[in-house]
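Visitor: When you get a sec, could you give me coordinates for this:
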Amino acid sequence: MIHLPLYCSTGAIIGRLNQYDYRHILRVMPDLCREIPLDGLELMMLPAYLDKLPKMAEDFSAAGLRFPVIHADKEVGTLLSSGAVRKDRELCGQALALWGTNCAMGERIGAEQIVLHLWGGTDSDGAFAVNLSYLPALRDTAQKCGLELLIENVPCTTADPAANLAAIHAAFPEQRFVFDTRFAAFHGQSESLFSLPWLLGGCLAHIHISDLRDGAPRDFSRLRPILHPGEGRIDFPALFARLHAAGYRGSVTLESPVLGEDGIDTPKLAASLRGLRTLLNPS
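Guide: Alright, predicted model coming up:
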């Protein structure tokens with residue numbers, strides 16, 4: 001059986017309740033990486049980090065933490081969408097500048113891939129063609145930092161993720177993608193995304209794991225709270241059986257959070273990661 005890399009998002013333990021203090025990554029993640037074991041972490045970039053990036057990179061290196069993937073600040077997609085819909089080039093320029101900062105951080109921490117929300121926020125994919133027109137510039141910036149840009153199937157308000165990913169693939173056949181299980185289920189596309197022959201034919205590079213509660217497609221209230229595998233409606237054993245049958249060779253990141261009023265629930269995080277490890281690499 002092929003070993004599929006398993007990562008944990010730093011967003012699982014960082015949030016408003018601990019003041020977005022990245023030092024919790026240093027406190028929790030080294031032991032977790034050894035205990036599971038994990039193949040690395042996915043750094044979730046946050047606005048609170050922007051004035052701390054060089055120090056963060058130094059501290060991560062000193063702690064021996066490995067970050068194969070960096071998830072770009074979601075504001076990149078929000079700014080790009082707002083600029084596209086409102087025809088405001090200044091907002092699009094801000095998106096490109098923020099993207100450059102994120103890519104530079106990815107290079108600092110030795111990441112190989114960077115996850116992009118190509119659209120997002122209230123304006124979402126309302127002017128998708130404009131968002132798409134910025135992709136060559138975004139890819140160029142990532143490549144200069146030694147990063148492969150991966151596009152995620154984020155929620156839409158105009159079209160839908162499968163349609164947008166298909167349009168990206170038509171324009172850029174070599175572009176690779178991230179499959180987010182919660183976002184796919186939100187749009188009722190857990191199956192239809194996998195029916196795209198090119199996706200499992202080499203264009204799927206990475207998977208984000210979290211669960212979703214029952215409800216109607218496109219009901220945005222369903223996106224929170226973010227559930228752990230087995231707490232919602234997604235059939236993860238069936239999902240991974242399909243991935244194995246298709247010969248998937250990419251990586252997987254758990255994104256489900258464990259930060260609450262009582263602090264970080266490390267045992268719950270470890271239990272979810274162990275469950276994913278079993279599904280990824282069954283004996």
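
Visitor: Could you tell me which helix of the chain is the longest one?
Guide: The single longest helix within the chain, with elements called by DSSP state H, is helix 89-108.

Visitor: Okay, helices next: where are they in the stretch 101-250 of the chain?
Guide: Remark: helices assigned in the stretch 101-250 of the chain by DSSP state H, counting those that start in this stretch are 128-133, 135-144, 161-171, 181-186, 236-246.

Visitor: Which elements pack onto the fourth one?
Guide: Right, helix 181-186. strand 204-209 (3 or more Cβ pairs under 8 Å, 6 or more residues apart in numbering; DSSP states H and E). Yep, even glycine has a C-beta here, placed from its N, CA and C like the rest.

Visitor: Pull out the buried residues from the strand it packs on.
Guide: 204-209 (16 or more other Cβ atoms under 10 Å).

Visitor: Please apply the same query to stretch 129-147.
Guide: So stretch 129-147, judged by 16+ other Cβ under 10 Å, has buried residues 130-132, 134-135, 138-139, 141-142, 145, 147.

Visitor: What's the end-to-end length of it?
Guide: Counting by Cα to Cα, to the nearest Å, you get 24 Å between the two ends of stretch 129-147.

Visitor: who's in contact with the nearest residue to residue 192 once chain neighbours are set aside?
Guide: Closest residue to residue 192 apart from its sequence neighbours, by Cβ to Cβ, 6 or more residues apart in numbering: residue 162 at 5.5 Å. Residues in contact with residue 162 (Cβ atoms under 8 Å, 6 or more residues apart in numbering) are 153, 187, 189, 192-193, 196.

Visitor: Looking at those residues, state which has the most neighbours.
Guide: The residue in these with the most neighbours, by other Cβ atoms under 10 Å, is residue 153 (24 neighbours).

Visitor: got a pLDDT number for the nearest residue to that residue once chain neighbours are set aside?
Guide: Take residue 153 and drop its neighbours on the chain: the residue closest to it by Cβ to Cβ, 6+ apart is residue 161, 3.7 Å away. Residue 161 carries a pLDDT value of 96.

Visitor: correct me, but residue 135 touches residue 172?
Guide: Yes. Counting by Cβ atoms under 8 Å, residue 135 touches residue 172, with 6.6 Å between them.
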